[in-house]
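Student: Requesting a structural model of the entry that follows:
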Amino acid sequence: MSRPPESPVFAAPWEAQTFALVVSLHDAGLFTWSEWAAALGRAGDRTADYALWLETIEGLIAARGLTSPAALEERRAAFARAAAATPHGQPILLENDPGA
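Tutor: The predicted model follows:
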């Protein structure tokens, strides 16, 4: 008898990358797990939402002075421009940002 296939842990590659980024930033000493849980916990029942994880990472690095809200917004805008300029099915690269 064969076992049914297990559901993937992450719904998309970017979710796995987000998870890895959180672990890497923790390992680099940017925050403790208690600080991460407190920051993420403010979102209530959305804690499994990886978009929220990205928002939380951005908030933590801005709060620690590693970047500014303006720099984060410019990076989001650059990514959106690069995404719009990238053919369907191709990886989105910041080098594809026509505004760069």
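Student: And this structure, what are its domain boundaries?
Tutor: Domain ranges of the chain: 12-67, 68-100, per automatic domain parsing.
Student: Select, out of those domains, the one closest to Pro5.
Tutor: domain 12-67 (17.4 Å; CB to CB). (Each C-beta comes from the backbone N, C-alpha and C, glycine too.)
Student: State the mean pLDDT of the closest one.
Tutor: Domain 12-67 shows a mean pLDDT of 89.
Student: Look at it and report the distance between its end residues.
Tutor: End-to-end distance of domain 12-67 (CA to CA, to the nearest Å): 27 Å.
Student: Now do Ala80: how many residues are near it, please.
Tutor: Number of residues near Ala80 (other CB atoms under 10 Å) recorded here: 13.
Student: Ok, Leu40 next?
Tutor: For Leu40, the neighbour count with other CB under 10 Å is 20.
Student: wait, it sits on Leu54?
Tutor: No - in terms of CB atoms under 8 Å, Leu40 does not count as a neighbour of Leu54; the distance is 11.2 Å.
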